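Asker: Please work out how this folds:
(one chain, ligands or ions: 1)
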Amino acid sequence: MEKVGGQYFLGFDFSTQQIKVIAIDDSLNIIHENAVKFDTDLPEYKTSGGVHIHDDKLTVTSPTIMWVKALDILLDKMKCDGFDFQKVSALSGAGQQHGSVYWRKGAEETLKSLQAGKPLHEQLQDSFSVKDSPVWMDSSTTEQCKNLESTLGGAQVVADITGSRAYERFTGNQIAQVYQKQAEAYNNTERISLVSSFGACLFSGHYTPIDDSDGSGMNLMDIHSRKWSQECLQASAPNLEALLGDVVPSHTVVDTISKYFVERYNLNPDCKVVAFTGDNPASVAGMRLKKGEVIISLGTSDTLFLWLEEPKPALEGHIFANPCDTKEYMALLCFKNGSLTRERIRDKDAGGSWEKYAEVLKSTPRGNNGKIGIYFDVQEITPSAVGCHRFNENNQKVDGFSNAEEVRALVEGQFIAKRVHAENLGFNIGPTTRVLATGGASSNQAMLQVISDVFNAPVYIQDVANSACLGGAYRAKHGYMGGETVPFSDVVKDAPDFTCAAKPSQDADKVYTPLVARYKALEERIVKEQTT
Ligand SMILES: O=C(CO)[C@@H](O)[C@H](O)CF
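Answerer: This next block holds a predicted model:
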């Protein structure tokens, strides 16, 4: 592998609330970080959390030009901070998944002829046929989702092709709605980008292809061939393949930096632009997920990232092309009932104290004497169900548990659920399985021990802040070093490793394998009761 010396790699993240950047040196040390927050640094757009929630409470958009202006400000901040752009050998990045950008006819000519004396936003202000980009929080496209699934033969057929059943936020359904409700704008569009590839377009000075990992979040790409699905394209909108351009592997060098940035910011003229990807695939790269590993990100909602070799698309969760290995896959599972539910039980059953919560966990038996709790305080995403449900060792519903039983039932229930749905998507727990825990609750040792026992695997921790940005910088180096010819794991092998925080108890497999089977059957029973 070619040795890169004294060179920098940049990772950008066009996320929902802000645009961020991380710079690393060739030893993967973080040497610069910066950000521009949309609500506070660009108040003229009057966004809240970076978006506009429309009166129907379903439509959610962001002004496309706001993202452009935020990049102007971010690069000016880096310049003012004295960042040495000359040392940048490659850059890449991420964008919030599913969002879409509609370039007006003639916009590419503007991109190709940007004048270094002016900021981007002044020159691109008339370049978008749809001025307000639909983003991932939008849920106004149920009609388009139903059409896609009925046209293709059902939700599972769409999932088998694209890795997910039809979801309102997925880009193909959003584009279908633009075609149906903004016909003039659609007809005046010459290119449709994702937020990720839009970022790459800005740095390249022309339209760049969509990467296959973020392209997996559109309900338009065949995750097996990594090419557009003709059936999905035709079911969504006319002339779509021409508007989208090609799909490329995530490590692809899409071009060298546009001369606009060389002249305006003194960027190294040989700087390579590596395809941008979605924020979640970029986070997987930033957290250096490897084969046989699962990342559990603990937050308000809990998110699971899986490395998959043989995906089993389901009606829950999402399977994407893997951003770090062109032949493999990754999966994303969102669990809406996360830390708020844990906090509610802490307050109710452990006196509001995490220390007491941990003590109770340590003082109650693994497996909770066969008691199982399922706590969906709010409508759950995975699976689609709601309510609190408690079962005794004979699978009979009971009204309540003791305080100590409730604390353990919640934690065991939340992590057994994660294992069940991970295995549903094709994740196989084996001797090399590792769990990487991140996010707030990953500092709770007693909870990590439950995770380790449930997954019968060691749990590692390392809070990787801005993992999507960091993943962008790692991927920039990967693309620069040759992409396909250089394993991503080689590129990041010198990064600081995770710390082992918990190992499975001797009886973990004996206790939790039967509990997992029982939980799966009980959860399916609840879903069935609520859907019939
Ligand atoms: O919709 C999502 C994933 O499917 C979100 O995580 C967005 O990527 C956040 F930007």
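Asker: tell me how far the strand or helix carrying residue 514 is from the chain's mean position?
Answerer: When secondary structure is defined using DSSP states H and E, the element that contains residue 514 is helix 508-531. Centre-to-centre, helix 508-531 and its host chain are 27 Å apart (C-alpha atoms, centre = their mean, to the nearest Å).
Asker: Burial check on residue 289, number of neighbours?
Answerer: Here the neighbour count serves as a burial measure; for residue 289 (other C-beta atoms under 10 Å) it reads 24. The C-beta positions use only the backbone N, C-alpha and C, and glycine is treated the same way.
Asker: Excluding sequence neighbours, find me the nearest residue to residue 403.
Answerer: The spatially closest residue to residue 403, leaving aside those adjacent along the chain, is residue 349, at 4.0 Å (C-beta to C-beta, 6 or more residues apart in numbering).
Asker: residue contacts, that neighbour?
Answerer: 360, 403-404, 406-407 (C-beta atoms under 8 Å, 6 or more residues apart in numbering).
Asker: Now with 10 Å, please.
Answerer: 356-357, 360, 401-410 (C-beta atoms under 10 Å, 6 or more residues apart in numbering).
Asker: what's near enough to touch the spatially most central residue of the chain?
Answerer: When the chain is reduced to its mean C-alpha position, the closest residue under C-alpha atoms, centre = their mean turns out to be residue 280, at 2.0 Å. For residue 280, the contact set (C-beta under 10 Å, 6+ apart) comprises 94, 96-97, 213-214, 217, 297, 303, 305, 318, 320, 323, 330, 332, 334, 467-468, 471.
Asker: Also near the ligand: which of the residues you listed, exactly?
Answerer: 96-97, 217, 318, 332 (C-beta under 6 Å from any ligand atom).
Asker: Now flag whichever of those residues is closest to residue 176.
Answerer: Distance from residue 176 was checked for each of those by C-beta to C-beta. The minimum falls on residue 217, at 15.2 Å.
Asker: Surely that closest one is in contact with residue 330?
Answerer: No. Using C-beta atoms under 10 Å, residue 217 and residue 330 do not qualify as a contacting pair, with a distance of 11.2 Å.
Asker: Alongside the ligand, which residues does this structure contribute?
Answerer: 16, 96-98, 136, 169, 217, 278-280, 318, 332.
Asker: 5 Å instead?
Answerer: Residues of the chain lying near the ligand by C-beta under 5 Å from any ligand atom: 96-97, 136, 279.
Asker: For these, which two are the farthest from each other?
Answerer: 136 and 279 (9.2 Å).
Asker: Would you mind grabbing the residues shared as contacts by these two?
Answerer: Common contact partners of residue 136 and residue 279 (C-beta under 10 Å, 6+ apart): 16, 96-97, 195.
Asker: of all these, which comes closest to residue 434?
Answerer: Each of those was scored against residue 434 by C-beta to C-beta, and residue 97 proved nearest at 25.1 Å.
Asker: quick revisit: comparing residue 136 and residue 279, which shows the higher neighbour count?
Answerer: Under the neighbour definition other C-beta under 10 Å, residue 136 and residue 279 were set side by side, and residue 279 has more, 27 against 22.
Asker: Pull stretch 169-176 out as PDB, backbone CA atoms only.
Answerer: The C-alpha atoms that make up stretch 169-176 are tabulated as PDB, following Å, rounded to 0.1, in the frame of the first residue of the first chain:
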ATOM      1  CA  ARG A 169     -38.900   9.100   3.300                       C
ATOM      2  CA  PHE A 170     -37.200   7.000   0.700                       C
ATOM      3  CA  THR A 171     -36.200   9.100  -2.300                       C
ATOM      4  CA  GLY A 172     -38.000   7.200  -5.100                       C
ATOM      5  CA  ASN A 173     -41.300   7.900  -3.500                       C
ATOM      6  CA  GLN A 174     -40.400  11.500  -2.900                       C
ATOM      7  CA  ILE A 175     -39.400  11.900  -6.600                       C
ATOM      8  CA  ALA A 176     -42.700  10.400  -7.600                       C
END
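Asker: residue contacts, residue 137?
Answerer: 16, 49-51, 53, 58-62, 96, 98-99, 168-169.
Asker: Among the residues you listed, which are located in strands?
Answerer: Cross-referencing the contacts of residue 137 with the strands (criterion: DSSP state E) gives 53, 60-62 as the overlap.
Asker: Most neighbours among those, which one is it?
Answerer: For the ones in strands among the contacts of residue 137, neighbours tallied by other C-beta under 10 Å; top is residue 62, 25 neighbours.
Asker: Would you check how far apart the residue of the stretch 101-250 of the chain at minimum distance from the ligand and residue 165 are?
Answerer: For the stretch 101-250 of the chain, the residue closest to the ligand is residue 136, as judged by C-beta to the nearest ligand atom, at 3.8 Å. For residue 136, the distance to residue 165 equals 16 Å [C-beta to C-beta, to the nearest Å].
Asker: residues in contact with the residue of the stretch 151-300 of the chain at minimum distance from the ligand?
Answerer: Nearest residue of the stretch 151-300 of the chain to the ligand (C-beta to the nearest ligand atom) works out as residue 279 at 4.8 Å. Listed by C-beta under 10 Å, 6+ apart, the contact partners of residue 279 are 13-16, 93-97, 136, 195-196, 214, 286, 467-469, 471-472.
Asker: swap the cut-off to 7 Å and go again
Answerer: 13, 15, 94-97, 468 (C-beta atoms under 7 Å, 6 or more residues apart in numbering).
Asker: Residue 50 now?
Answerer: Counted by C-beta under 7 Å, 6+ apart, residue 50 has contacts 16-18, 38-39, 62.
Asker: let's see 6 Å
Answerer: Taking C-beta atoms under 6 Å, 6 or more residues apart in numbering as the criterion, residue 50 is in contact with 16-17, 38.
Asker: my guess is the residue nearest to the centre of the chain is in a strand, correct?
Answerer: No. Counting by DSSP: H, G, I helix; E, B strand; the rest coil, residue 280 is located in no strand; its state is helix.
Asker: Can you tell me how far it is from residue 287?
Answerer: The span separating residue 280 from residue 287 equals 11 Å under the rule C-beta to C-beta.
Asker: same check, this time on residue 383
Answerer: Distance check for residue 383 against residue 287: by C-beta to C-beta, it reads 26 Å.
Asker: out of these two, which sits in the busier spot?
Answerer: For the pair residue 383 and residue 287, the greater number of neighbours falls to residue 287 (25 against 21), based on other C-beta under 10 Å.
Asker: What about residue 350, how many residues nearby?
Answerer: Summarising burial for residue 350: neighbours were counted as other C-beta under 10 Å, giving 20.
Asker: now do residue 398
Answerer: With neighbours defined by other C-beta under 10 Å, the count for residue 398 comes to 13.
Asker: Isn't residue 451 up against residue 414?
Answerer: No. With the criterion set as C-beta atoms under 6 Å, residue 451 and residue 414 do not qualify as a contacting pair; they are 9.3 Å apart.
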